[in-house]
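# Quick one, structure for this:
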Amino acid sequence: MIRVFICDDHEVVRRGIRDLLEASGEIEVVGEASTVTEALARIPPTRPQVAVLDVQLPDGSGVEVCREIRSNHPEIACLMLTSFAEDEALFGAIMAGAAGYVLKQVRGNDLIESIRRVAGGDSLLDPKVTSAVLERIRTGDQTESELTKLTDQERKILVHIGEGLTNRQIGERVFLAEKTVKNYVSSILAKLGLERRAEAAALAARLDERRRK
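Residues are numbered from 1 along each chain as shown. Okay, here's the model as predicted:
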């Protein structure tokens, strides 16, 4: 039996995934959570082989959960589940060490197969995409000195972009309207000479990795 933990803020979604997985006869759901805080507290004690994590959570991002779990419990594979194929979330998932990234529209049998594969040590991330992200991080021209171009507020928002948060979630963190955050993001991209939000996410992740070393 494959031990799986489910983290999603919608009870109906969690129940549907649980019923689907347990009906397969080869998966046991060992725990559930609806927030980042609950997930970080409950995942280690239940010792799942795979943690299925919703990217967008009320108090943060599933990417944060993935990063923390993979750092302290590398034996647990993380499968990111989201409604939208957003570049910044994909970058964040790769940097956090996720084994896979699937849309909520995925068919039931495909989700079971994805869990089976990551439990067996496989990666569902496209190798070409992963390589491109890591190469950009290794060879990027931006350095911490370039952050001097940013205001304190812009630096805070850049960090949250790197966590894979949406503009709305960032607004809730820094107490700003979603539209205001969008304007800040545009300013950050312009000051750093970046074209896409995903590039800012990669930069933030790279700088965070440097600080941890």
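# Which parts of this structure are helices?
Taking DSSP state H as the test, the helices found in the chain are 11-23, 36-46, 62-72, 87-96, 108-119, 127-139, 152-162, 167-174, 178-192, 197-212.
# just the angle between the second one and helix 62-72, please?
Right, the one you point to is helix 36-46. 30 degrees (axes from the mean of the first three to the mean of the last three Cα atoms, to 10 degrees).
# And the first one, by the same measure?
For the pair helix 11-23 and helix 62-72, the angle between their directions (the same axes, to 10 degrees) equals 50 degrees.
# and what of the fifth one?
With the same axes, to 10 degrees applied, the angle from helix 108-119 to helix 62-72 works out at 30 degrees.
# For helix 108-119, list every residue counted as buried.
Buried residues in helix 108-119, defined by neighbour count with 16 or more other Cβ atoms under 10 Å: 111, 112, 114, 115, 117, 118, 119. Using the backbone N, CA and C atoms, a C-beta is placed for each residue, glycine as well.
# Which of those residues sits closest to residue 96?
Nearest to residue 96, judged by Cβ to Cβ, of these is residue 118 at 14.0 Å.
# Quick one: residues contacting the closest one.
Residue 118 sits next to 50, 77, 79, 99, 100, 124 when contact means Cβ atoms under 8 Å, 6 or more residues apart in numbering.
# For residue 74, see how far away it is.
The gap separating residue 118 from residue 74 is 13 Å, by Cβ to Cβ, to the nearest Å.
# hmm, back to that, out of the helices of the chain, flag the one nearest residue 3.
Across the helices of the chain, closest to residue 3 is helix 36-46 (Cβ to Cβ), at 7.4 Å.
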